[in-house]
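Asks: quick one, what's the 3D model for this:
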Amino acid sequence: MKKKLVSVLMATAMSTSLLAGCGNNAAQQAADTAESTVEETADAAEEVAEEATEAAEETVEEAADAVEEAVADDTDYGTGDIKVWVADNVVDFTNQQIEAFKGAHPEFSGYNFTVEPVGEGDAAGNMITDVESGADVYAFAQDQIARLVAAGALEEVEEENAKAVKADNDAGAVAAATVGGTLYAYPITSDNGYFLYYDKSVVSDPSTLEGIVADCEAAGKNFYFEINSGWYQTAFFFGAGAELTYDTDDQGNFTKCNSTYASDAGVVALKKIAELASSKSFQNGSAIGEATNVGAIVDGTWDAEAAKELFGDNYACAKLPTFAGSDGKTYQLSGFGGFKLLGVKPQEDDNKLAVCDALAAYLSSEEVQLARYEAVAWGPSNLKAQQSDAVKADEALSALAEQLQYTIPQGQYPGDYWSLATSLGDSIISGELTAESSDDDFMKALTDFQTTCEGYAN
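Replies: Modelled structure (predicted):
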């Protein structure tokens, strides 16, 4: 087509030249220019057409590949056994879900799935002791993740699954499943933490600690907060901006203590604890079943039914309140958050690993998290599941979900830390430190505390 077009135009140019006469240089130059322009245009048109043809061919090939992948998953995943560890109270539930998983994935029919009752608190220790004999897929508490990664007991979450996990779950749960910027586990719950239960006929506004205390004092009711617990106590310190975490080595040994308790932030926190303890409404504790004359209490979801029974129609829940610091600033009470995670053990067989990944993704999905909540009342980490009517109607879980935005996932702490934290709280309960103590006295107590904490990592 290009040659034909050029020939016609060349003939036209020659005719024009003959009519103009051989001596007409201007006309000849014009004809030459026209011929050159036409050839360049034709070349460009042909190049564009060739590129378009190649692009179309590539698109067709890509579409064909996509169709081929979509219509036929005839991968031979082989055969094998997959061992799953979950808490005793969800063994039956997990077996039911695995049956549904098998029905949805006939390509995995060569695998036999066995579910064994191993609690989240024991799973990590068992895995680290003998990774090879441990479960292929297992649930564990988030404070064990660093040890499991160091022991080589956790496979990184597959890339596409990792994208889904990060998009679908709350930030606290994702952070709990992450080590060194890498996602190593699938979150399945966001339900271990503490928040406020209160009698709404007593507490008019649960948003500030000062308001709660004033309302309880006015009504002659008690406000419970376990200030001599290393778990609850952190609400004040982390809220004020102080830090206390530990690093571990590959064997799970504590190598470094990262603490800023002996700081202005620490003094603000400890002074506020002492101020709370000076109220006539204050009672040290966190178990609503053991509390009396309660106006408000800081507790967890495990006591939701007891709280409903105690408060009756006046039952209410909220995130932890803010507090006014001695420095004139306002702080949000923080603390630890707890999450249940699902891990996959590294596999030598890539096909078996693919099946384990698929199972973990399924058991941590929105649908299964919601079904698990309905079966055993575990609070989901999946954002859409959290917004379901059933979960939103659960006042305790809703309050906890809001509170978990302000917490940090609990990591590993030496056993001695917990007794040391009890001693720090006891120094206030006994009156050794009071709301009238000097900043120097508070700083000395915190310096001693921090130095001892650091010593646990040597």
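
Asks: and the strands in the stretch 1-150 of the chain?
Replies: In the stretch 1-150 of the chain, the strands defined using DSSP state E, counting those that start in this stretch lie at 80-86, 111-117, 137-141.

Asks: what inclination does the shortest one have with respect to strand 80-86?
Replies: Regarding strand 137-141 and strand 80-86, their directions subtend 20 degrees when assessed with axes from the mean of the first three to the mean of the last three CA atoms, to 10 degrees.

Asks: on that earlier part again, put together TSV for the strands of the stretch 1-150 of the chain, with mean neighbour count and mean pLDDT on each row.
Replies: (Glycine included, C-beta is placed from N, CA and C.) Shown next, in TSV, are the strands of the stretch 1-150 of the chain (neighbours: other CB atoms under 10 Å; pLDDT from 0 to 100):
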stretch	mean neighbour count	mean pLDDT
strand 80-86	20	98
strand 111-117	16	98
strand 137-141	25	97
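
Asks: reformat these as CSV; add distance to residue 329.
Replies: Formatted as CSV, those follow (distance: least, CB to CB, whole Å):
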stretch, distance to residue 329
strand 80-86, 44
strand 111-117, 48
strand 137-141, 34
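
Asks: what about the helices in the stretch 351-458 of the chain?
Replies: 366-376, 383-386, 389-392, 395-403, 415-429, 439-455 (DSSP state H, counting those that start in this stretch).

Asks: pick the most deeply packed of those.
Replies: With neighbours defined as mean count of other CB atoms under 10 Å, the helices of the stretch 351-458 of the chain peak in mean count at helix 395-403, which reaches a mean of 21.

Asks: phi, psi for residue 257 please.
Replies: Phi and psi for residue 257, reported as degrees, to the nearest 10, are phi -110, psi 120.

Asks: quick check: it vs residue 128, distance?
Replies: 22 Å (CB to CB, to the nearest Å).

Asks: now residue 398
Replies: In this view, residue 398 and residue 128 are 36 Å apart by CB to CB.

Asks: residues touching residue 232, list them.
Replies: With contact set as CB atoms under 8 Å, 6 or more residues apart in numbering, residue 232 has these partners: 194, 225-226, 286, 298, 335.

Asks: take these and keep only those in strands.
Replies: Taking DSSP state E as the definition of strands, the contacts of residue 232 contribute residue 298.

Asks: format the contacts of residue 232 as TSV; extra columns: neighbour count, distance to residue 343 and pLDDT.
Replies: Compiled in TSV, the contacts of residue 232 are given as follows (neighbours: other CB atoms under 10 Å; distance: CB to CB, whole Å; pLDDT from 0 to 100):
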residue	neighbour count	distance to residue 343	pLDDT
194	28	25	97
225	28	34	98
226	21	31	98
286	19	30	97
298	25	31	98
335	24	25	96
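
Asks: what is the nearest of the contacts of residue 232 to residue 238?
Replies: Among these, residue 335 lies closest to residue 238 (CB to CB), at 6.0 Å.
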